[in-house]
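> Sequence unavailable; structure follows:
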Ligand SMILES: Nc1nc2c(ncn2[C@@H]2O[C@H](COP(=O)(O)OP(=O)(O)OP(=O)(O)O)[C@@H](O)[C@H]2O)c(=O)[nH]1
């Protein structure tokens, strides 16, 4: 006779041994048709394969509580007898099964055993009922198994099915499966067509859709995953169906938690950037269909870094949570508030939002965020800046709207912060140009392109060189010379001014060293220092170290600062300036007279020199008497507090003469000479001992 053997083993050696033992040779009494079961988890075949006459199982993967038991392999052939393949003679995990120690099995023994078991099963077994050894295996596995007859009444259920269904065998056997198992779609809560009915009707293996709920007799619900296969008689007619299922409630809950984390910000609980992007696409589709406008707001806290730096990261976190709560209070439930990361939030205002609505909301945010936040027993104040882009006039896609809102945000920041701005197309060109400039600065810092030019300062009384100012110049490979007005501001706003300032310092000190070794160094080489550098507590020490390393006399170096840079934090400025003075540097105030006009600081800070701004100087010889009087007043003020003054922007001889007559001690400007490269400066203005190479 032909005997269909299904072997469920993933072990390659076992497969090879089985192939050898069950290979047919002429003269064999029976023909063995060996087939291997697909690995657990492999997709079920569309059409049910022929039910085998006997099943060979590897017990190594068949522990009772193991989910690797190929229940969906065993269950459809539950009517078939089972031989368990064991690798040791130790007692098998499942009582009542025939066991074969494969390593010692001979070809003849195994074939005769199989033939004998199959013959007796064919003689006595009713279709749809598992054989005794099959029952033993099914009783031991963790998956629930229910087999039905062709009319859908239950013919068999294993203990796991009793547990999951909360019914015992007596209540289930003979009852229609559809009466016992109420299945619902988790999303719609609508009853679902029973998979047994579907498998019986189609003659195919059926899998439940993900998210199927089993409602149990006591009303409790579990989520199940199942596979249902029809069972065929030996003649191919339908004998019934077998359903294998297990509880996936816990796995789904875990998945739900993972999903939550994937779409929410861990710190504030707000939707995260991915959720915002997804939502924006959804509401854009809605807005497109209804023709309604909507608003996208990009929000960034102002100087949040300072909170982290002064109060610590935990306080920063608490502030972010507090801000998130304030934002929630500013919006309708239809608007989505999300955290993009860091101190950035995005608000998506639902379709139907006009620009007026967005304006009012922005005002509400500024007011709400500005209220003090209770953070770790402190009252913390923080502001924020907001950029707004409207659909459809500022963009139609999620990416464009977010980018344009971000561009508008930068404009709000640049305007002085604590403000909101709508997107304007003009911002785009500036933003793109700004980015290009920033990238260019970075590249030139790495590869070269910056140079220091030197402009002389002269004593007006005797025309002797009184020092010089080192001015940064940038030659870009593609753009040529870039105007300082164009790149200094971009560097300041992007923070690149710090590495740039360091480069200037190093280069000025290097050049001063060259001149000093040549014995022709000018008295004071002034370098410009930005507010950001001055704010850095490590700045004075860095200067001291660099000067020390170069072996330079510190009096050769002068630091020029603008009034506004000093005024940002008077106390910190005073400390930093004193430290610079202690190192031996002199301090000059740039743009004197144009800044805060709060002159009190002149007496407070250790300043050596003031530079009278060029606006006072330009055309002064022919200017109106009131303007001339103003310049004289500025110079007198400097004189009265014993601060020498340098007039900037001197371009003509009459201007120079007017300044000299008014008692201005020094001048700087085109009249004396423009800023030029170090070699040209040395050549023109320094008394050069023989052999000086001004630039190495
Ligand atoms: N406490 C805390 N800080 C964070 C977190 N994520 C990012 N940051 C910090 O937030 C700061 C963001 O600073 P920026 O927005 O770049 O700068 P700012 O100080 O706010 O200055 P402006 O935006 O220019 O006004 C950085 O210092 C980050 O290290 C976080 O989850 N918790």
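Structure received. As the structure is a computational prediction, the values presented were derived from the model and not from experiment.
> Show which residues not belonging to stretch 315-328 make contact with it.
267-270, 299, 301, 304, 307-308, 337, 339, 343, 345, 347, 365, 368-369, 371, 373-376, 378, 380, 382, 384 (CB atoms under 8 Å, 6 or more residues apart in numbering). To be clear about C-beta, it is placed using only N, CA and C from the backbone, and glycine gets the same treatment.
> near the ligand at all, it?
Yes. Stretch 315-328 lies within reach of the ligand by CB under 6 Å from any ligand atom, at 316-317, 320.
> what are the phi and psi angles of the residue in the stretch 101-250 of the chain that the ligand sits nearest to?
Residue of the stretch 101-250 of the chain nearest the ligand, by CB to the nearest ligand atom: residue 250 (31.2 Å). Dihedral pair for residue 250: phi -60, psi -40, per degrees, to the nearest 10.
> So which of the contacts of stretch 315-328 belong to strands?
299, 301, 337, 339, 345, 347, 373-375, 378, 380, 384 (DSSP state E).
> and which of these is nearest residue 105?
residue 339 (64.9 Å; CB to CB).
> ok, how many other residues are close to the closest one?
Residue 339: 26 surrounding residues under other CB atoms under 10 Å.
> That one contacts residue 270, doesn't it?
Yes. Contact criterion CB atoms under 8 Å: residue 339 and residue 270 qualify, at 4.7 Å.
> picking up where we left off before, may I ask which two of the ones in strands among the contacts of stretch 315-328 are separated the most?
The two members of the ones in strands among the contacts of stretch 315-328 with the most space between them (CB to CB) are 347 and 378, at 27.0 Å.
> between these two, which one's more packed in?
residue 347 (24 against 15).
> what about the strands in the stretch 351-500 of the chain?
Listed in chain order, the strands of the stretch 351-500 of the chain (DSSP state E, counting those that start in this stretch) span 373-375, 378-380, 384-391, 420-422, 450-459, 465-476, 480-482.
> pLDDT weak spots in the stretch 201-350 of the chain?
Scanning the stretch 201-350 of the chain for pLDDT under 70 picks out 234.
> Just the closest residue of it to the ligand, please.
For the stretch 201-350 of the chain, CB to the nearest ligand atom, closest residue to the ligand: residue 316, 2.5 Å.
> Could you do the stretch 551-696 of the chain as well?
Residue of the stretch 551-696 of the chain nearest the ligand, by CB to the nearest ligand atom: residue 568 (13.6 Å).
> List the residues that contact that residue.
Taking CB under 8 Å, 6+ apart as the test, what residue 568 contacts is 531, 535.
> try 10 Å this time
The contact partners of residue 568, by CB atoms under 10 Å, 6 or more residues apart in numbering, come to 531-532, 534-535.
> quick one: it from residue 559, how far?
16 Å (CB to CB, to the nearest Å).
> what do you get for residue 591?
The value you get for residue 591 to residue 559, if CB to CB is used, is 14 Å.
> These two - which one has more neighbours?
Using other CB under 10 Å as the criterion, residue 591 and residue 559 rank with residue 559 on top: 26 against 19.
> just checking, that one is part of a strand?
Yes. Under DSSP: H, G, I helix; E, B strand; the rest coil, residue 559 sits within a strand.
> what's near enough to touch it?
505, 524, 526-529, 533-534, 539-540, 543, 576-577, 580-581, 583, 585-588, 590, 608.
> among the residues you listed, which ones are buried?
Buried by 16 or more other CB atoms under 10 Å: 505, 524, 526-529, 533-534, 539-540, 543, 576-577, 580-581, 583, 585-588, 590, out of those.
> one step back: nearest to residue 113, out of the strands of the stretch 351-500 of the chain?
Once those are compared by CB to CB, strand 384-391 is nearest, at 75.2 Å.
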